[in-house]
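In: generate coordinates for the sequence data below:
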Amino acid sequence: MAQASQRRLGDLARLADCAVLGDAEIGIDRVSSVDEAVAGCLTFAVDERWLDKALASKASAIIVPESAARAERRGKTFVVAADVRAALAAVLESFAPPLPSGEFTHASALVESGVRRGGEVWIGPGVIVSEGATLGDGVKLFAGAYVGRASTLGARTLLHPRATVLDECEIGADCILHAGCVIGSDGFGFVRVGAEQVKIPQIGNVVVGDRVEIGACSTIDRAVTGSTTIGAGTKIDNLVQIGHNVQIGEDCTICAQTGIAGSVIVGPHVTFAGQAGIGGHITIGARSLILGQAGVSASLPEDSVVSGTLARPHRENMQQQVLVRRLPKLVEQIRALADAVEELKKRR
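Out: Numbers count the residues shown, from 1 in each chain. Here you go, the predicted model:
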């Protein structure tokens, strides 16, 4: 997509705290992947494996790692970064369209009585802010967002269209809630009385720390009692389900379609890859890695790396997968050995 105006390459490099090897005066009108790069583009090579492809592209300049700084540039200008992805993030931020700002309430919005509102709060069309809610300075609520009774949104937090924060939930500062996510829906709590399932009232809330991002259509259930908690800095992808009374530590990464059952305790810096499934009432130790589609049914110590269903230590799981692939050959060998034994018996 073409950008509205060009940026001077040297200015972009300065934003990313990078050095320029070549022409810092080049005009850059977009940032593109290698495959989409044309003249006027800034592209990137996260490592030397991608450098040849970037050099062969039509891009005007390339963000490269420090290890590639001495490579032949073939007429390209290099932006040399200690961390290519971090530099890319800084550059892309300068191209992002500006968010609305300033004090504003759309005529179609409903702000009920008793709402405590900080400065520079922007409220878009169709938004509902319920009685007793608190909106921190610089909060932005896009079309159709819902803030429940007595809920709190910290400073500069952003709710995208149709994002929902239900009654008495607390969202920290500098959070981003994407379209259609629901914070504070009832936990999945029922008890069987005879043949009937009777609902257990869910009277707790959800408390989300600062700098948390929650993806589209993800759901975080309120606690039965007390709080479901999400630690500061945690990033949650789209289509994630987090059950009631779960405690997520700081700076965790939870990828799409992960499901975490109730009362799980997760340490800091844990990563859940896509479609991981976590059984209830267990503990996941700090810095653990749960690989894609892993099913975890028992507690894990710190620094675990698990995969498979049911999840087991990754190396053990990989060894078993190798053996499974070799089973047809092993069966043939066993049959041949059995036939040889029978032949020896006959000769005797």
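In: every contact and neighbour count from this point should use C-alpha atoms.
Out: Will do.
In: okay, now Gly102: neighbour count?
Out: The number of residues packed near Gly102 is 13, by other CA atoms under 10 Å.
In: going forward, count from 3.
Out: Noted, 3 is the first residue going forward, which turns the last one into Gly104.
In: quick one: secondary structure of it?
Out: Gly104 falls in the coil class when you classify it by DSSP: H, G, I helix; E, B strand; the rest coil.
In: quick one: it and Arg317, what's the gap?
Out: Distance of Gly104 to Arg317, computed by CA to CA, to the nearest Å: 54 Å.
In: got a list of contacts for stretch 319-337?
Out: For stretch 319-337, the surrounding residues in contact (CA atoms under 8 Å, 6 or more residues apart in numbering) are Ser309, Gly310, Ala313.
In: run the last query once more with 10 Å
Out: 308-314, 316-317, 338-343 (CA atoms under 10 Å, 6 or more residues apart in numbering).
In: show me how far that stretch is from its chain's centre.
Out: Chain-centre distance of stretch 319-337: 37 Å, with CA atoms, centre = their mean, to the nearest Å.
In: report the buried residues of it.
Out: By 16 or more other CA atoms under 10 Å, the buried positions in stretch 319-337 come out as Asn319.
In: now the biggest helix by length in the chain, how far from the chain's geometric center?
Out: In terms of residue count, the longest helix belonging to the chain (DSSP state H) is helix 316-349. Centroid displacement of helix 316-349 relative to its chain, using CA atoms, centre = their mean, is 44 Å.
In: any idea of the mean pLDDT for that helix?
Out: What helix 316-349 shows for mean pLDDT is 90.
In: whichever of the contacts of stretch 319-337 end up buried, select them in ChimeraX.
Out: This is how ChimeraX selects the buried members of those, with burial counted by 16+ other CA under 10 Å:
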select :308,309,310,313,314,316
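In: and of the contacts of stretch 319-337, the nearest to Ala175?
Out: Val308 (33.1 Å; CA to CA).
In: is it true that Leu291 touches Ser306?
Out: Yes: between Leu291 and Ser306 there is a contact at 6.2 Å, judged by CA atoms under 10 Å.
In: mutual contacts of the two, please.
Out: With contacts defined as CA under 10 Å, 6+ apart, the residues adjacent to both Leu291 and Ser306 are Val272, His316.
In: quick one, what contacts the closest residue to Gly269 other than its chain neighbours?
Out: Closest residue to Gly269 apart from its sequence neighbours, by CA to CA, 6 or more residues apart in numbering: Ala288 at 4.2 Å. Listed by CA under 10 Å, 6+ apart, the contact partners of Ala288 are 251-252, 254, 268-273, 302-306.
In: same thing with Ile173?
Out: By CA under 10 Å, 6+ apart, Ile173 lies in contact with 137, 153-157, 159, 167, 179, 185, 208-214, 232.
In: ditto for Glu133
Out: For Glu133, the contact set (CA under 10 Å, 6+ apart) comprises Val113, Glu114, Ser115, Gly116, Val117, Arg118, Val149, Gly150, Arg151, Ala152, Ser153, Asp169.
In: one step back: Leu291 and Ser306: which has the busier surroundings?
Out: The residue with more neighbours, out of Leu291 and Ser306, is Leu291; 21 against 17, by other CA under 10 Å.
In: what residues of the helix or strand hosting Ala15 count as buried?
Out: Using DSSP states H and E, the element containing Ala15 is helix 11-17. Within helix 11-17, the residues that qualify as buried are Leu11, Gly12, Leu14, Ala15, counting by 16+ other CA under 10 Å.
In: any idea which helix or strand comes after it?
Out: Downstream of helix 11-17, the first helix or strand assigned by DSSP H and E is strand 21-23.
In: which strands or helices does that next one pack on?
Out: Contacts defined by 3 or more CA pairs under 10 Å, 6 or more residues apart in numbering; DSSP states H and E place strand 21-23 against helix 11-17, strand 63-67, strand 79-83.
In: send me the longest one as PDB with only the CA atoms.
Out: If I follow you right, that is helix 11-17. What follows is helix 11-17 as a C-alpha-only set of coordinates in PDB (Å, rounded to 0.1, in the frame of the first residue of the first chain):
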ATOM      1  CA  LEU A  11      15.900   7.400   5.100                       C
ATOM      2  CA  GLY A  12      18.300   9.000   7.600                       C
ATOM      3  CA  ASP A  13      15.400  10.200   9.700                       C
ATOM      4  CA  LEU A  14      13.900   6.700   9.800                       C
ATOM      5  CA  ALA A  15      17.300   5.300  10.800                       C
ATOM      6  CA  ARG A  16      17.500   7.800  13.600                       C
ATOM      7  CA  LEU A  17      14.100   6.800  14.900                       C
END
